[in-house]
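In: Based on what follows, work out the 3D shape:
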Amino acid sequence: MTALVDWVAGLGQSGLKFVRGLGVFAVLLFKILVRSIAIWKRPRLIGAQIHFLGNHSLAIIVVAGLFVGLVLGLQGYYTLRRYGSEEALGLLVALALVRELGPVIAALLFAGRAGTSLTAEIGLMKAGEQLSALETMAVDPIARVLGPRFFGGLITVPLLATLFSAVGVIGGWLVGVVLIGVDPGAFWSQMSDGVDFWDDIVNGVIKSVVFGIAITQVALMQGYESKPTPEGVARATTLTVVIGSLAVLGLDFVLTALMFGEL
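Out: Just a heads-up that it's a prediction; the model follows:
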């Protein structure tokens with residue numbers, strides 16, 4: 001009986017911790033949006049963050065996109081060949097990348113590369129009392145430090161997802177057309193006829209924007225709320241990857257159901 005009570009108590013504490021985390025997430029997001037309106041008067045701050053977050057992630061995005069496209073083209077060809085539909089390989093590769101794999105994998109890679117960097121940077125600034133020093137000088141750290149990073153991540157993720165999908169399509173073309181010998185005209189014509197701009201491309205962009213908001217906000221929250229110790233920063237960095245990745249996968253299901261399903 002005691003074990004059951006302890007289990008229920010632990011479950012309740014976990015639930016309260018989860019609800020508190022959602023509250024902190026929402027409140028901090030609201031503060032960033034409200035206090036960072038003036039940051040658009042200094043776009044160079046946002047541009048610097050886009051360069052820091054995006055440019056340093058280009059290598060992993062391009063390489064991963066290429067190999068995902070290669071594998072997708074190879075697997076798609078052998079699957080379509082069973083039904084005599086090899087000419088639809090371009091459509092399969094494009095839809096898979098634009099709708100799902102591009103936004104999701106780019107967001108996961110962004111969480112692992114740039115998200116952890118954001119958390120560690122903010123956590124170290126807090127541990128070094130740099131955020132407190134800004135407050136002492138009457139500078140709002142949320143507007144000056146968190147704001148540019150939030151909007152930088154929001155803009156960067158859709159750009160990286162678009163690049164990932166484009167490189168992935170090239171990878172599928174290399175396997176299907178150059179290596180296997182699928183008709184190039186059929187590859188591109190099927191793709192152009194079957195991919196709808198609003199239903200496929202725009203929905204994929206919307207997904208990547210939502211993922212960018214979620215990952216960037218999780219990274220900033222974990223850094224801002226971390227304990228000012230090496231152990232606290234390390235734990236916050238780990239939580240950024242775990243929570244950010246789970247948030248992307250969960251949001252992907254919800255958005256897919258809303259966009260393409262009956263939910």
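In: V93 is in contact with V169, correct?
Out: Yes - counting by C-beta atoms under 8 Å, V93 is a contact partner of V169 at 6.0 Å. For every residue, glycine as well, the C-beta is placed using N, CA and C.
In: higher neighbour count, these two?
Out: Neighbours were tallied for V169 and for V93 using other C-beta atoms under 10 Å; the higher tally belongs to V93 (30 against 25).
In: got any residues that touch both of V169 and V93?
Out: Shared contacts of V169 and V93, defined by C-beta atoms under 8 Å, 6 or more residues apart in numbering, are found at G69, M191.
In: List of residues touching stretch 80-87?
Out: Stretch 80-87 has contacts (C-beta under 8 Å, 6+ apart) with Y77, A88, L89, L92, G176, V182, D183, A186, F187, Q190.
In: can you tell me which of these are in strands?
Out: In this view, the contacts of stretch 80-87 have no member that belongs to strands under DSSP state E.
In: So which of these belong to helices?
Out: In helices, defined here by DSSP state H, the members of the contacts of stretch 80-87 are Y77, L89, L92, A186, F187, Q190.
In: quick one: contacts for G73?
Out: With contacts taken as C-beta under 8 Å, 6+ apart, G73 has the following neighbours: L89, V93, G171, G172, W173, L174, V175, G176.
In: which residues in the stretch 51-200 of the chain form helices?
Out: With DSSP state H, counting those that start in this stretch as the definition, the stretch 51-200 of the chain shows helices at residue ranges 58-81, 89-95, 102-110, 116-127, 130-136, 141, 147-173, 184-194.
In: Which one of those helices lies nearest to Q217?
Out: Counting by C-beta to C-beta, Q217 lies closest to helix 147-173 out of those; the figure is 6.7 Å.
In: Please identify the buried residues of the closest one?
Out: Applying a neighbour-count criterion of 16 or more other C-beta atoms under 10 Å, the buried positions in helix 147-173 are 147-169, 171-173.
In: Same check on stretch 228-242?
Out: Buried residues in stretch 228-242, counted by 16+ other C-beta under 10 Å: G232, V233, R235, A236, T237, L239, T240, V241.
In: Any chance of CSV for these, columns secondary structure?
Out: Output for the buried residues of stretch 228-242, formatted as CSV (DSSP: H, G, I helix; E, B strand; the rest coil):
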residue, secondary structure
G232, helix
V233, helix
R235, helix
A236, helix
T237, helix
L239, helix
T240, helix
V241, helix
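In: and those as JSON lines, adding distance to F211 and pLDDT?
Out: As requested, the buried residues of stretch 228-242 are arranged in JSON lines below (distance: C-beta to C-beta, whole Å; pLDDT from 0 to 100):
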{"residue": "G232", "distance to F211": "26", "pLDDT": "92"}
{"residue": "V233", "distance to F211": "24", "pLDDT": "92"}
{"residue": "R235", "distance to F211": "23", "pLDDT": "94"}
{"residue": "A236", "distance to F211": "20", "pLDDT": "94"}
{"residue": "T237", "distance to F211": "19", "pLDDT": "95"}
{"residue": "L239", "distance to F211": "17", "pLDDT": "94"}
{"residue": "T240", "distance to F211": "14", "pLDDT": "96"}
{"residue": "V241", "distance to F211": "14", "pLDDT": "95"}
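In: And the furthest pair within these?
Out: The two members of those with the most space between them (C-beta to C-beta) are G232 and V241, at 15.8 Å.
In: Give the residue spans of the stretch 151-263 of the chain that score low on pLDDT.
Out: For the stretch 151-263 of the chain, applying pLDDT under 70 flags the ranges 261-263.
In: at 90 what do you get?
Out: Segments of the stretch 151-263 of the chain classed as low confidence (criterion: pLDDT under 90) are 198-199, 228-230, 259-263.
In: Spatially central residue in this structure, please.
Out: Closest to where the C-alpha atoms of the chain average out (C-alpha atoms, centre = their mean) is A107, at 2.4 Å.
In: For it, give its distance to L74.
Out: Taking C-beta to C-beta, to the nearest Å as the measure, A107 and L74 are separated by 24 Å.
In: Show me the contact partners of stretch 48-63.
Out: Counting contacts by C-beta under 8 Å, 6+ apart, the residues outside stretch 48-63 that touch it are 106, 109-110, 113-114, 117-118, 148-149, 151-153, 155-156, 159-160, 163-164, 167.
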